[in-house]
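Trainee: with the sequence up front, the predicted model follows.
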Amino acid sequence: MGWRFQWRPRLGPLRFNIGKRGLSSVTIGVRGAHVTLSPRGRRTTLGLPGSGLSYSQYAPWHRHAAEHPRWLRTAGLALLLILLGAIILPNVLSAIASWQ
């Protein structure tokens, strides 16, 4: 049995799904309606919160899921850097301010 790692930080309506190999997908939306963008494709989900009833539709980027679109790899890295900056920078600034 291998080790697994999953982290799902939130930034407003965005959820970043991060695994041991990096950013795996980005989910945009609210409870009951969201879109997940991953290197393999786009999944749109609509549901009635609390009912267990939902509809989901998957649309691959390419016929061969191994062909990751370049814009998603670049956007994923940029979003990860922005997220880390948004989390780390305020903590560093507050630590410096309290230290002085």
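Mentor: Good, I have the coordinates. Residues are numbered from 1 along each chain as shown.
Trainee: strands of this protein, start to end?
Mentor: When secondary structure is read from DSSP state E, the chain shows strands at 6-7, 10-11, 14-19, 22-30, 33-37, 41-48, 53-60.
Trainee: who wins for proximity to Ala86 among the ones you listed?
Mentor: Nearest of these to Ala86, taken as CB to CB: strand 10-11 at 6.5 Å. Where you see a C-beta, it was placed from the backbone N, CA and C, and this is true even at glycine.
Trainee: note down every partner strand of that closest one and its orientation.
Mentor: Within its sheet, strand 10-11 is paired with strand 14-19 (antiparallel), according to DSSP bridges.
Trainee: residues of the partner strand that come out buried?
Mentor: Residues of strand 14-19 classed as buried by neighbour count (16 or more other CB atoms under 10 Å): Arg15, Phe16, Ile18.
Trainee: and that strand with strand 33-37, angle?
Mentor: In this structure, strand 14-19 runs at an angle of 40 degrees to strand 33-37, with axes from the mean of the first three to the mean of the last three CA atoms, to 10 degrees as the basis.
Trainee: quick one: which of the strands of the chain is nearest Ile88?
Mentor: Ile88 sits nearest to strand 10-11 of all these, at 13.2 Å, using CB to CB.
Trainee: name the residues that touch that closest one?
Mentor: The set of residues that contact strand 10-11 without belonging to it, under CB atoms under 8 Å, 6 or more residues apart in numbering, is Phe16, Leu83, Ala86.
Trainee: what of stretch 44-56?
Mentor: Residues outside stretch 44-56 that contact it (CB under 8 Å, 6+ apart) are Gly29, Arg31, Gly32, Ala33, His34, Val35, Thr36, Arg43, Gln57, Ala59.
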